[in-house]
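1. Based on what follows, work out the 3D shape:
(chains A and B)
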Amino acid sequence: MNLEIAIPKLGMTMKEATIARWNKADGDWVEEKEVILVIETEKITYEIEAPQAGYLRILEPEGAVLPVGAKVGILTQEKLPGVPISAPKELKTDEAHAPLAASKTPLQAQTFRIKASPLAKRIAKEHGISLDLIAGTGPGGRILRADVLGFLQSQPVQVPAGPSAPLPQEAKKPLQAVPLSKMRRQIMEHMHRSLQETAQMTLTREVDATQLVRLREVLHGRHKKDGVKISYNAILVKMVARLLREHPWVNAGLEGDRIVQWGDVHIGVAMELDEGLIVPVVRDADTLSMLEIERVLQGLFERARSKKLLPDEIRGGTFTITNLGHLGVDAFTPILNRPESAILGVGRIVEAPVVSTHSGEPKLEFAKRMVLSLTVDHRILDGAPAARFLGGLAEILENPLLLVD
Amino acid sequence: MAKVRTDLVVMGGGAAGVAAAVRARQLGARVTLIEAEKLGGVCMNKGCIPTKCLMETARLYWRIKRAGQLGLLIPNVELDWNQIMARKEDLVGYLRMGTEGVLKSNGVEILKGPARFETPHKIKVGNELLEGDRFLLATGSTWAGLGISGDTSPGVVTTDWLLDMRVVPQEVLVLGGGPVELEAAQYLSFLGAKVTMLEPQARLLPGEDREMSRRLSAVLKEQGLTLLTRVKPLEIRETERGVGLLVQTPDGEKNLEASLILHAARVPALAELHLERAGVNLVEGLLQMDAYLRTNQSHILAAGDVTGPPFYSHRASAMAILAAENALGSQQVFEQARVPRAFFTYPEMACVGLTEAQAKERGHKVRSATIPYSVNARAMMALETDGAVKIISEETYGEILGVHIVGPHATELISEAALAMELEATVEELARGMRLHPSISESQVEAARECLGRGIYVLR
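-> Sure, this is the predicted structure:
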């Protein structure tokens, strides 16, 4: 049986996706569950597996921007003759016909067409680049002059020198120049916009992490039987979620000319992927146990790694935690995850000398110390309430028993 | 004090406001449009519509008096001012009624009265307080003073005065050389006034292509207009004959005299809006705006004349449609560079894109070609051979950088060029296009061919 492969709908608001990469060539045999295709939406990349084994017929090239439901390929049981999509350029840029044998019906012509303006075609031709490498931004995905010029700029090495004129030497030779992926572009815009549109202020506070380390050890022992190792992130999510209910003005954001205090506590946790940063969200974190939070985090992390996160899983956060402690960072200035008004940066835990006054006399002791870095949007939240929130967090961290208060 | 809430408040019911309101309704928004005066704005009530209607009469009057060459002997051509004015009033009234019908049938709520901001999300219309999620400023433009002494004397008028003119003044000084001033000067001249145009720069239409502005000014001079360049008005005073104007010329100060001084200086109508209460910033008297037509308050957008020059109605409505879409969630850039420019003179002039000098300044390798209408058969038949079509292209890829037309139907013909540029056609596509014969548009294809060095009807 022949089976069509289409762009899946991965979230409520998803309308289109870009074909980032075909892992298999046209005409290849693929096994069931093999990853054949990677697509990108505005926010995530997602791998599509073969729903059955068969020969792959590719219908849309890499770089194509397609609506949800668009047919991108077909898996057939018999190897088909025909012109693959990676046929010579002359054919591709115009029209190529690939006869397709359905199981019963006779041959059917399949038309490929890349929409591009005459000027874009001309510039691409002059530079010897294939239009199917380029994503179009014009109406209906039409490739425009700006798209071709943008693509040319992103290319590290020019196409093998043909009869065209030699290019001027650049002052700095690039080792590698990687075209912006959708994810990189998204991060770029998001971060830049955040700094442009808000008034960010970062408060830092050193805390005693002795009790935090102990708590984690206790939890490790307790949940050994569940096969789960509770992470510092899970503990911090739990503590922050608890505290946010007492500090609703930190669990807030700007919507139009109103500051909205959100009734739900959804905590985003920054994660690092090969392609860049992603912030999946632990929804209703204030209602979950430590064990539940850890399980949610692990599920999100695995899905992020395997590109199976749904768009709705990285949306709707009310507060974000970003932890660089495992990479040896003490304090830093996290950038707000708009429209949220606060983000907590977590530093490493170090053994450090501190002056203790517990016994009345000042005494030098060793303790486990950690720095918390809280960035807030000063338009929404002033220094004093932000400091109070940070103080509250320090209090719980240093005395986790308060969690039962 | 009633309080109403709406998705998009459109402030102004001119070309921009009407287009934005209807587009926003199509996208499902609740829309309230506020107009202080008459629906249709300057374009419909005082600008494009009535002036072009009057110009049509003047142009024919002038042509019929010269129809002998066509073999027509018409002895007494007379102006019937009652009919001229009645026709204009009817047209304006009819179009205004149509506008109101379009707004109402699309479900746009219309409020009358001047609107002003109270807070970033609240405005007051009369005594009514209106709350909106998003706002579109579309209040248009208004007359500006000349900024010299005596500019309020009764002998100084704007084009509004022409709308009720039934007696043609003997001598008129027209200040400034924009499209509106040019059209007014020619209107008066066609009807028999002795008109002198005063341009402060070195040539007429200094922003347009040198070759084409020279072509147009040559025709205007031939028709009887006097053009004075490098002339700066200094002072106006009343005299026995009407008004006197002291001007600065390269040869020193001079006194000019006429029955009237006409000008058409406009500024965005921002003063009444109380923008400071909405937190909207101005930069050098103009709204601070981004490429998405948003002000610094991202829920307040603006379109049309209120955003500053060029003051064209087609620009206003195109901006407004895009602004309405952006207000309701899309994010599109308005391409100012693609706004075609129009001069409803006779012959007409219309342009889109860069002039030759601008293209060279930007470092393009330029190939341009001019085909005069004196070799176009259709233009010869019509005795309208004054003018030419000029295409400015980029050599490497054949990109069309600018198209400039002086001649019959230039304001219609420019649309082909605007579309070609919008779709990124190159001179190659334009050159291959087939046009009807005999037609004016053939010259456009020939100019494209000549950009590629292969014009067919060019003497070598």
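2. In the stretch 301-450 of chain B, what residue comes closest to chain A?
-> When scored by CB to the nearest CB, the stretch 301-450 of chain B has B:Glu424 as its residue closest to chain A, at 3.4 Å. Heads up, the C-betas are built off the backbone N, CA and C, glycines and all.
3. Quick check on the residue of chain A found nearest chain B: phi, psi?
-> Residue of chain A nearest chain B, by CB to the nearest CB: A:Ser117 (3.4 Å). Main-chain torsions, A:Ser117, degrees, to the nearest 10: phi -70, psi 150.
4. and it, what does it touch?
-> The contact partners of A:Ser117, by CB atoms under 8 Å, 6 or more residues apart in numbering or on different chains, come to A:Gly138, A:Arg142, A:Ile143, A:Leu144, A:Arg145, B:Leu423, B:Glu424, B:Ala425.
5. And what about the residue of the stretch 301-450 of chain B closest to chain A, helix, strand or coil?
-> Put simply, B:Glu424 is coil when judged by DSSP: H, G, I helix; E, B strand; the rest coil.
6. That one contacts A:Leu119, correct?
-> Yes: using CB atoms under 8 Å, B:Glu424 is in contact with A:Leu119, at 4.0 Å.
7. So for the two, which residues contact both of them?
-> A:Leu144, A:Arg145, B:Glu399.
8. Find me the pLDDT at the last one, would you?
-> Predicted confidence (pLDDT) for B:Glu399: 95.
9. Reformat the contacts of A:Ser117 as CSV; add neighbour count.
-> Listed next are those as CSV, based on neighbours: other CB atoms under 10 Å in any protein chain shown:
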residue, neighbour count
A:Gly138, 17
A:Arg142, 17
A:Ile143, 28
A:Leu144, 20
A:Arg145, 21
B:Leu423, 15
B:Glu424, 24
B:Ala425, 22
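10. Columns distance to B:Leu162 and pLDDT on top of these, output as JSON lines?
-> Converted to JSON lines, the contacts of A:Ser117 look like this (distance: CB to CB, whole Å; pLDDT from 0 to 100):
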{"residue": "A:Gly138", "distance to B:Leu162": "43", "pLDDT": "83"}
{"residue": "A:Arg142", "distance to B:Leu162": "45", "pLDDT": "89"}
{"residue": "A:Ile143", "distance to B:Leu162": "49", "pLDDT": "91"}
{"residue": "A:Leu144", "distance to B:Leu162": "44", "pLDDT": "92"}
{"residue": "A:Arg145", "distance to B:Leu162": "44", "pLDDT": "92"}
{"residue": "B:Leu423", "distance to B:Leu162": "39", "pLDDT": "93"}
{"residue": "B:Glu424", "distance to B:Leu162": "41", "pLDDT": "94"}
{"residue": "B:Ala425", "distance to B:Leu162": "40", "pLDDT": "95"}
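11. ok, which pair from those is furthest apart?
-> A:Ile143 and B:Ala425 (14.2 Å; CB to CB).
12. got a list of contacts for the worst-scoring helix or strand of chain B on mean pLDDT?
-> Least confident helix or strand, chain B: strand B:3-11 with a mean of 84, by mean pLDDT, DSSP states H and E. Strand B:3-11 is contacted from outside by B:17, B:20-21, B:24, B:29-34, B:108-109, B:115, B:123, B:128-139, B:273, B:324, B:327-328, using CB under 8 Å, 6+ apart.
13. repeat that with 6 Å
-> B:17, B:20-21, B:24, B:29-34, B:115, B:129-139, B:327 (CB atoms under 6 Å, 6 or more residues apart in numbering or on different chains).
14. Check stretch B:239-252 too.
-> B:155, B:173, B:230-237, B:254-259, B:261.
15. Recalculate using a threshold of 10 Å.
-> Outside stretch B:239-252, the residues that touch it by CB atoms under 10 Å, 6 or more residues apart in numbering or on different chains are B:148-150, B:153-157, B:169-173, B:175, B:196, B:198, B:200, B:202, B:228-238, B:253-261.
16. and that stretch, what's its mean pLDDT?
-> Mean pLDDT, stretch B:239-252: 94.
17. In that stretch, which residues are buried?
-> For stretch B:239-252, the neighbour count (16 or more other CB atoms under 10 Å in any protein chain shown) marks B:Gly242, B:Val243, B:Gly244, B:Leu245, B:Leu246, B:Val247 as buried.
18. Looking at the residues you listed, which is nearest chain A?
-> Looking across the buried residues of stretch B:239-252 and measuring by CB to the nearest CB, the closest to chain A is B:Val247, at 46.4 Å.
19. Report the spatially closest residue to that closest one, excluding sequence-adjacent ones.
-> In this structure, B:Val247 finds its nearest non-sequential neighbour in B:Val231, 5.0 Å apart by CB to CB, 6 or more residues apart in numbering or on different chains.
20. and the one you found, how far is that from chain A?
-> According to CB to the nearest CB, to the nearest Å, B:Val231 and chain A sit 42 Å apart.
21. Surely that residue and B:Val174 touch.
-> No: counting by CB atoms under 10 Å, B:Val231 does not reach B:Val174; the two are 11.4 Å apart.
22. From the neighbour counts alone, determine which of these two ranks first.
-> Ranked by neighbour count (other CB atoms under 10 Å in any protein chain shown), B:Val231 and B:Val174 place B:Val174 first, with 28 against 22.
23. does the residue nearest to the more buried one when sequence neighbours are not counted belong to a helix or a strand, and which?
-> Distances taken as CB to CB, 6+ apart put B:Ala185 closest to B:Val174, at 4.3 Å, once the chain neighbours are dropped. Following DSSP states H and E, one finds B:Ala185 within helix B:179-190.
24. For PyMOL, write a command that selects the buried ones of the contacts of strand B:3-11.
-> Buried residues within those, by 16+ other CB under 10 Å, are selected in PyMOL with:
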select buried, chain B and resi 17+20+21+24+29+30+31+32+33+34+115+130+132+133+134+135+136+137+138+139+327
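25. Give me the subset of the contacts of strand B:3-11 lying in helices.
-> Under the assignment DSSP state H, the contacts of strand B:3-11 contribute B:Gly17, B:Ala20, B:Ala21, B:Ala24, B:Ala327 to helices.
26. from memory the last one sits against B:Leu293, does it?
-> Yes: the pair B:Ala327 / B:Leu293 is scored as a contact, 8.6 Å apart, by CB under 10 Å.
27. per-domain residue ranges of chain B.
-> If you go by automatic domain parsing, the domain ranges for chain B are B:6-143+B:267-337, B:156-264, B:347-451.
28. pLDDT score for A:Ala87?
-> A:Ala87 is assigned 34 on the pLDDT scale.
29. Check which residues of the longest helix along chain B are buried.
-> Criterion DSSP H: the longest helix present in chain B is helix B:81-105. For helix B:81-105, burial by neighbour count (16+ other CB under 10 Å) applies to B:Ile84, B:Met85, B:Lys88, B:Val92, B:Leu95, B:Arg96, B:Thr99, B:Glu100, B:Leu103.
30. List just the nearest of the residues you listed to chain A.
-> B:Leu103 (26.3 Å).
31. ok, the closest one - contacts?
-> With CB under 10 Å, 6+ apart, B:Leu103 has these contacts: B:10, B:13, B:17-18, B:21-22, B:25, B:31, B:33, B:35, B:39, B:109-110.
32. 7 Å instead?
-> By CB atoms under 7 Å, 6 or more residues apart in numbering or on different chains, the contact list for B:Leu103 reads B:Val18, B:Ala21, B:Val22, B:Leu33, B:Ile110.
33. swap in B:His274?
-> B:Arg116, B:Phe117.
34. What residues are bridge-paired with the residue nearest the centre of chain A?
-> Centroid check for chain A by CA atoms, centre = their mean gives A:Ile278 as the closest residue, at 3.4 Å. On the basis of DSSP bridges, A:Ile278 is bridged to A:Met271.
35. what about it, distance to B:Lys390?
-> Noted for A:Ile278: a distance of 54 Å to B:Lys390, by CB to CB, to the nearest Å.
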